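Undergrad: prediction below, plus the sequence it came from.
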Amino acid sequence: MMSEVTDYKIVRNSALGSELTEEEARQLSARMGVRHYQDGEFLVKEGDIYRSLFMLAEGQLIVTSLNVQGQEKRVYTMQAGECAGTRAFVKNTPRRATLRAVGATTVYTLTPEDLQKLLDDHPRVAFKVMRALFNITHANLARMSQETEHLTNYITKMGRY
C-alpha cells in the first residue's frame, strides 16, 4: 500500500478527471498510487505485461516504440495531465510502447482492481472514469489518424511510394 497520497486537484485537472467534481476527484485519487521517477528511468517497456493506467502528474514522459527494424523510435512526448496505458488497462494486453521519464517525473497509477473497488463504492465516479478513458483513447486515435494522413500526403506529393 502506498503511504504517499495523490493530489486530487491534479487528478481533477487531468484528462482522466475532466468530468469529475471536487468530491469525485477526491474519491478517485484515494484509489490511486504515486510513483516517482528520475530522468531516463523506465516506467514500462514495450511488451511488458503491466495493467496499471498511468496519469502523468508532473514532468514529461517519452513514448517510444520499436520499428520494423527493431530500432526504438520516439512516438510522442506526454505532458502533465495526460494518461498512458488505456489499452493494457482495459484489455489486459502487453504494452505497445515504452514509457521513459524526462527529468524528475511523478506518475499516478490506477489498477483495474482499484477501478473495480471504485465501481462498487462510487459507481457514478467509475462511470465518469470509464467515459474519460474512452475519450482519451478516441483522442489518441484521432491524433494518429491525422499523423497518418499527413504522412500519406507527404509521400504522395513527393512521389515516393
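TA: Yes, it's here.
Undergrad: direction included, what does the helix or strand hosting Leu43 pair against?
TA: Using DSSP states H and E, Leu43 maps to strand 42-44. Each strand paired with strand 42-44, and its direction, by DSSP bridges: strand 98-110 (antiparallel).
Undergrad: which ones are touching His36?
TA: Taking C-beta atoms under 8 Å, 6 or more residues apart in numbering as the criterion, His36 is in contact with Ala104, Thr105, Thr106, Val107. Every residue, glycine included, has its C-beta placed from N, CA and C.
Undergrad: buried set for the helix or strand that the strand holding Leu43 is followed by?
TA: For strand 42-44, the following helix or strand on the C-terminal side (DSSP H and E) is strand 53-66. If you call a residue buried by 16 or more other C-beta atoms under 10 Å, then strand 53-66 has these buried ones: Leu53, Phe54, Met55, Leu56, Ala57, Gly59, Gln60, Leu61, Ile62, Val63, Thr64.
Undergrad: between strand 53-66 and strand 98-110, how many degrees?
TA: Angle, strand 53-66 to strand 98-110, by axes from the mean of the first three to the mean of the last three C-alpha atoms, to 10 degrees: 170 degrees.
Undergrad: list the strands paired with strand 53-66, with their directions.
TA: strand 72-78 (antiparallel), strand 83-84 (antiparallel), strand 98-110 (antiparallel).
Undergrad: with only the CA atoms kept, save that strand in CSV.
TA: The C-alpha trace of strand 53-66 is given here as CSV (Å, rounded to 0.1, in the frame of the first residue of the first chain):
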residue,chain,number,x,y,z
LEU,A,53,-3.0,3.0,-16.0
PHE,A,54,-0.6,5.9,-15.8
MET,A,55,-1.6,9.5,-15.3
LEU,A,56,1.3,12.0,-15.6
ALA,A,57,1.1,14.3,-12.6
GLU,A,58,4.4,16.2,-13.0
GLY,A,59,7.2,16.2,-15.6
GLN,A,60,7.3,14.6,-19.0
LEU,A,61,7.3,11.0,-20.4
ILE,A,62,8.8,10.0,-23.7
VAL,A,63,6.7,7.4,-25.5
THR,A,64,8.7,5.1,-27.8
SER,A,65,8.0,2.1,-29.9
LEU,A,66,10.2,-0.4,-31.9
